[in-house]
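**Q** Sharing a sequence plus its predicted fold:
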Amino acid sequence: MSASSVSRRRILSLWLPRLPIDRIQRFFNSAGLGNTNDPSIVVVKDNNTLVIHALDEAAERLGLYIGQPLANARAICPNLKVFDADAVADAKTLSDIADWCDRFTPLVALDAPHGLFLDISGCAHLFGGEAALLRTLVRSLARQGFAVSAAIAGTSVCARTLTRQTTGTIVADGGEAAAIDRFPVSALGAGEAITTGLRRAGLKTIGDVASRAPSEITARFGAQFSTLLAHALGRGDAPISPRKPLPDYIVEKRFAEPIATDTMIAMTLSRLADTLIASMEKQGKGARRLEAAFFRTDGVVRAIMVETGRPVTQSKVIDRLFRERLDALADPLDPGFGFDMVRLSASRTEIVVQEQRDLDAHVHDNDELTALIDRIAARIGGKRVVVHLPQDTHIPEHAVLAASAQHHLAAAMQAEWPARAESEPPLRPLRLFDKPEPVTVPFATVPDGPPHQFTWRRAKHAVVRVEGPERIAMEWWRQDGKQLTRDYFRIEDAEGLRFWIFRDGLYEGEVFDAAGKPAPPNWYVHGLFA
């Protein structure tokens, strides 16, 4: 095979012209309410008028068309079934279809609002060639209840243009211009203004436009349209933007007979993990983020992801993490009529650093702690397993940062915290309130003294012992000077409860009333001592 044939780019374009109405009809069919032959349409408001946004085949046979006012459509067909458009639900359905298309290639891009691009360069032979791949994809989507038009070409613009006029076309490399020569200029999707201008200039087909000099087209219709035309004719192409980044490693297993039992699923994941580890081991890498995707026969795709604190180099560790994740799912993995493909991918990998593990007990302890954190994170979520890191600031609520334990365990183990003086009580509470809670102080020693009593959560507390104040000025270079200076006090009441409270603002210095006169500052409790 020549180098040119290997490097050529092949794009498969999918267009689902009736996606909004197909989505609604699939819902009714699944609920057993779809046994009706009444024409159906989806409407959207345009300039305070309801117009047809999508229609089924029965409505199209009656002569209805997209953009037609609803009143006119009802005059033609009084028993018309009308549904409101739902752009969010349509986008979700298109995203689900894109997930299902991942079984053919991981390079799937959205062509909003009702299309997709699949970069099938170098992978069509896995499905029996481009023609077999195209047939398989179209038939599968048709069985799922979608009307679909598909085409393959060397550029995405050419493939997209073909789907708007025909379906099932496969254009050989270099044949893009001849394939779309006879199509109307509207097939390019350049917009109504440019399409009208081309027709007024007597350019009714793409071939008519292509026969003119590029400089003439650019001068009359702009560089953007000139570039679009060049791409449609196979003269260069802009890259598509895949929905998901390409994983570092992918292994998958396809089944002639779908699997549905937990035993078969676990066995399949185990075998895929062995293959994945073997592939990464050849390049000295380990996985930090893994994803298992389960493709159901009805088009539903379920993906499960786990992360690790250190690069994983053993398949048994992958088995354990996914077992924990699957057991903890709030929405259990439903096989439906079975999975016909399971894929395991490593979307994030790192080079494995070899360490002496036989004699160093510290290394073994770290491994066990990391493994424990990974298992807990797989069960309850990585964001819920955190470590605390000290921050270089005097602001109490910012002095500690809660970070993911999987990603910051090493930093937490090496962090240096302020040492506590022996035989002295702690200067600050071990745990602060999420937000300082206001307290009512009837009177306090001014300008910098503590309160004699205060009310917190409807309970009065008489102050018997006080330590402080500890004055903390806010970071003006970060807060734009909006935060007030705080005076903190360690206070003990008559019942032995110890509080950490502060006055927000300096008397006669930062707190003033509307008339500009000094006003009493507010007080807050920020934490409790044990």
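**A** Received the coordinates, thanks.

**Q** List the strands paired with the helix or strand harbouring Tyr524, with their directions.
**A** In the assignment (DSSP states H and E), Tyr524 maps to strand 522-528. Sheet pairing of strand 522-528 (DSSP bridges) gives strand 432-439 (antiparallel), strand 498-504 (antiparallel).

**Q** Pull up the gap between Leu506 and Asp487, please.
**A** Distance of Leu506 to Asp487, computed by Cβ to Cβ, to the nearest Å: 8 Å. For glycine as for every other residue, the C-beta is placed from the backbone atoms N, C-alpha and C.

**Q** Please identify every residue contacting each of the two.
**A** Asp448 (Cβ atoms under 8 Å, 6 or more residues apart in numbering).

**Q** wait, what's in contact with Asp513?
**A** Ala519.

**Q** what's the pLDDT at it?
**A** For Asp513, the pLDDT comes out at 70.

**Q** Report the buried residues of the strand holding Tyr524.
**A** The neighbour-count check on strand 522-528 (16 or more other Cβ atoms under 10 Å) flags 522-527 as buried.

**Q** cool, stretch 474-494 as well?
**A** Buried residues in stretch 474-494, defined by neighbour count with 16+ other Cβ under 10 Å: 474, 483-493.

**Q** Could you single out the nearest of these to Pro436?
**A** Taking Cβ to Cβ as the measure, Pro436 lies nearest Arg486 of these, at 9.4 Å.

**Q** Pull the contacting residues for the closest one.
**A** Taking Cβ under 8 Å, 6+ apart, one finds 471-472, 474, 502-505 in contact with Arg486.

**Q** Mind doing that once more with 10 Å?
**A** By Cβ atoms under 10 Å, 6 or more residues apart in numbering, Arg486 lies in contact with 394-396, 436, 469-474, 501-506, 521, 524, 526.

**Q** cool, and Phe146?
**A** 14, 16-19, 22-23, 25-26, 93, 97, 114, 138, 140, 299.

**Q** Out of these, list just those in helices.
**A** Of the positions in these, 19, 22-23, 25-26, 93, 97, 138, 140 sit in helices, assigned by DSSP state H.

**Q** How many residues are close by Leu276?
**A** By the criterion of other Cβ atoms under 10 Å, Leu276 has 21 neighbours.

**Q** now it: how far from Glu424?
**A** 55 Å.

**Q** Equivalent analysis for Ala73, please.
**A** The value you get for Ala73 to Glu424, if Cβ to Cβ is used, is 83 Å.

**Q** which of those two has more neighbours?
**A** Ala73 (24 against 7).

**Q** Which residue lies closest in space to the more buried one, excluding its sequence neighbours?
**A** In space, and not counting its chain neighbours, Ala73 is closest to Leu64: 5.2 Å by Cβ to Cβ, 6 or more residues apart in numbering.

**Q** ditto for Leu246
**A** Pro106 (5.6 Å).

**Q** That neighbour sits in which helix or strand?
**A** Here Pro106 is assigned to no helix or strand, by DSSP H and E.

**Q** on that earlier part again, ok, how many other residues are close to the residue nearest to Ala73?
**A** 20.

**Q** right, and it touches Leu80 too?
**A** Yes: here Leu64 reaches Leu80: they are 8.1 Å apart, a contact under Cβ atoms under 10 Å.

**Q** what's around Leu50, how many residues?
**A** Leu50, neighbours per other Cβ under 10 Å, totals 18.

**Q** Kindly report the same for the one 3 residues further on.
**A** By the other Cβ under 10 Å criterion, the neighbourhood of His53 contains 20 residues.

**Q** To which secondary structure element is it assigned?
**A** Counting by DSSP H and E, His53 is part of strand 49-55.

**Q** next structured bit after that strand?
**A** helix 57-61.

**Q** Mind listing residues that contact that following helix?
**A** 17-18, 21, 36-42, 52, 55, 64-66, 68, 73, 76-77, 80-81, 147.

**Q** just checking, which of these belong to strands?
**A** Using DSSP state E to define strands, the subset of these located there is 40-42, 52, 55, 81.

**Q** and which of those residues is nearest to Ala459?
**A** Using Cβ to Cβ, the ones in strands among the contacts of helix 57-61 come closest to Ala459 at Val42, 60.5 Å.

**Q** okay, and for this structure, where does confidence drop off?
**A** 1-7, 34-36, 354-366, 478-482, 508 (pLDDT under 70).

**Q** how about a cut-off of 50?
**A** Counting by pLDDT under 50, the chain contains low-confidence residues at 1-6, 359.

**Q** all helices for the stretch 301-450 of the chain, in order.
**A** 315-327, 361-380, 405-414 (DSSP state H, counting those that start in this stretch).

**Q** Which parts of the second one count as buried, going by neighbours?
**A** In other words, helix 361-380. 366, 370-371, 373-379.

**Q** okay if I get these as a markdown table plus distance to Thr445?
**A** Conversion of the buried residues of helix 361-380 to a markdown table gives the following (distance: Cβ to Cβ, whole Å):
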| residue | distance to Thr445 |
| --- | --- |
| Asn366 | 52 |
| Thr370 | 53 |
| Ala371 | 56 |
| Ile373 | 49 |
| Asp374 | 54 |
| Arg375 | 55 |
| Ile376 | 50 |
| Ala377 | 50 |
| Ala378 | 55 |
| Arg379 | 53 |
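
**Q** quick one, what contacts Thr163?
**A** Contacts of Thr163 (Cβ under 10 Å, 6+ apart): 12-17, 111, 115, 148-153, 169, 187.
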